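> Any chance you can model this:
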Amino acid sequence: MEFQIEKAVPADYQLFADIILTVWEQMEEKSWYVADNADYTYQALSSGHGLGYKAVETGTGTVSAIFLAVIPGMDEKNLGRDVGMAESELPFIAHMDSAAVLPAYRGFGLQKRLMEAAEADLKARGIHYLMCTVHPDNQFSLNNVLRQGYEILTVKEKYGGHVRAILRKAI
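Numbers count the residues shown, from 1 in each chain. Below is the predicted model:
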């Protein structure tokens, strides 16, 4: 199979939410993934503070995977605050927020390709740091981001009591 990476538009918000929910529903360990809902994906894609990407299987046109990056600015939820970054650095942080690959399309490196597309666009926007959270036991996702140059800075409770490793990559 071959895939094309495309930028999402605000009208894709429900598609993103549907794919995220589908992936979450099929997960054995549901605590490993906090599923974003349609309201969240709509706000992210329509506010100008979020960038969305989708992997489209070229043979069928099926959206196989999605990725959402968010620029939190000075928001209290900025992950830079969790790791003690200076206030002056917070505007230059982006959250590599949500990745979801439909089961039939796993093994093609789609999460990595989507994150690389986001990284290039975020760097062009003046972002200096990419941050994300991963459940420490989710070895597939954790290894995926570690191979892309992220480092674990701390492990703590986030998102209503879910334990997460907080990772950062300088770009």
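> Not counting its own residues, what contacts the helix-or-strand element of the chain with minimal mean pLDDT?
Lowest by mean pLDDT, DSSP states H and E among the helices and strands of the chain is helix 38-46, with a mean of 87. With contact meaning CB atoms under 8 Å, 6 or more residues apart in numbering, helix 38-46 is reached by 8-10, 12-14, 16-17, 20, 36, 50, 52, 68, 70, 97-98. C-betas here are computed from N, CA, C, even on glycine.
> what about 6 Å?
The contact list for helix 38-46 (CB atoms under 6 Å, 6 or more residues apart in numbering) reads 8, 10, 13-14, 16-17, 50, 52, 68, 70.
> What of stretch 151-161?
34, 83, 133, 136, 163-168.
> roughly how far out does it sit from the chain middle?
From the chain centre to the centre of stretch 151-161 is a distance of 15 Å (CA atoms, centre = their mean, to the nearest Å).
> now stretch 53-73
The answer for stretch 53-73 is 10 Å, by CA atoms, centre = their mean.
> picking that back up, quickly name whichever of the contacts of helix 38-46 is closest to Pro91.
Val70 (13.2 Å; CB to CB).
> Phi first, then psi, for the closest one.
phi -130, psi 140 (degrees, to the nearest 10).
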